[in-house]
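> please work out how this folds:
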Amino acid sequence: MSRILFVTWDGGGNLPPATALAHELARRGHSVRFLGHATQAAQLRAEGFEWVPPQHARSFDRSRDYHPLRMLSVFADTGLGHDLLEAVAERPTDLVVVDSFMFGAMDAARRAGVRYAVLEHMYAAAYRSGILGGPMGLNLRVRRLRPQLALDAAGLRLLMTLPELDPAPAV
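The predicted structure follows:
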C-alpha cells in the first residue's frame, strides 16, 4: 500500500477535510502521517495518526495568531517546506498531500520533484482568482513562490466541495 504524508496548518476548519480523507485512506490500508504546526499534534495523535514534529516551520496557533499579516507569513513559510523534505528523506512517501494554503511546502515539493497533491477546501473561484489575485497572491509572488505554478504542478487537485456549488468553470 501507499505511504502518504499530509502537510497542514493550524487553521481549524481545514483539518476536518484532511482527517476525513486520511481516515479513509488508512481504512483502505495506506500508511498516513501528518506534518503541521505543533498545536495540532495532540488532536492528530488522538485520532490515531502518526505525527511528524516540525523543526523549521514557523509556529502558529489559531487561538492567538489569527491576524492577516501573521497568516500571510505562515502561508509562505518555507520552513514547513524544509520540514516536508526532511520527512520525505527520512521515510520516503508515495504522495504528499499539501493543504492549499501551504505554498512554502508546495514550492519545496515542486522544486525537489516530490509527487504531491493539493487539498483544496474552498471554492476554486474564490481561491484561484479571488484570494490569489489579492494581497495573499502578491505576498507569495514577492517571496518568489509562484502560487499558480505550485498549484498547476500538483499531480492531483483534491477539491473538497461539490462541483455544482463552485461558481468557477471546471479547471
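
> now do the lowest-mean-pLDDT helix or strand in the chain: distance to the chain's middle.
Of the helices and strands making up the chain, the lowest-confidence element is helix 124, at a mean of 70, by mean pLDDT, DSSP states H and E. The chain centroid and the centroid of helix 124 are separated by 15 Å under C-alpha atoms, centre = their mean, to the nearest Å.

> now for residue 109, how many residues are close by?
Counted with other C-beta atoms under 10 Å, residues neighbouring residue 109 total 27. (Glycine included, C-beta is placed from N, CA and C.)

> show me what the helix or strand following the least confident helix or strand of the chain is packed up against.
Secondary structure here is assigned by DSSP states H and E; on that basis, the next helix or strand after helix 124 toward the C-terminus is helix 135-142. Helix 135-142 sits against helix 68-75, helix 147-152, with contacts defined as 3 or more C-beta pairs under 8 Å, 6 or more residues apart in numbering; DSSP states H and E.

> any idea which of those gets closest to residue 158?
Ranking these by proximity to residue 158 (C-beta to C-beta) places helix 147-152 first, at 11.9 Å.

> can you give the contact residues for the closest one?
Residues lying outside helix 147-152 but in contact with it, judged by C-beta atoms under 8 Å, 6 or more residues apart in numbering, are 100, 103, 106-107, 110, 118, 128, 132, 137, 140-141, 157.

> now swap in stretch 32-45 and tell me
With contact meaning C-beta under 8 Å, 6+ apart, stretch 32-45 is reached by 4-10, 15, 18-19, 22, 25-26, 49-54, 57, 59-63, 80, 83-84, 87.

> so which of those are in strands?
Within those, residues falling in strands by DSSP state E are 4-7, 50-52.

> residues making contact with stretch 49-62?
Applying C-beta under 8 Å, 6+ apart, the external contacts of stretch 49-62 come out as 5, 9-12, 19, 22, 26, 32-41, 44-45, 65, 70, 73-74, 77, 79-80, 82-83, 86-87.

> got a ChimeraX select line for the buried ones in those residues?
Buried members of the contacts of stretch 49-62, defined by 16 or more other C-beta atoms under 10 Å, are picked up in ChimeraX with:
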select :5,9,10,11,19,22,26,32,33,34,35,36,37,39,40,41,44,65,73,74,77,79,80,82,83,87
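
> in helices only, show me the contacts of stretch 49-62.
Using DSSP state H, 19, 22, 26, 41, 44-45, 70, 73-74, 79-80, 82-83, 86-87 are the members of the contacts of stretch 49-62 that sit in helices.

> pLDDT-wise, what's the bottom of these?
Looking at those, model confidence by pLDDT dips furthest at residue 70: 85.
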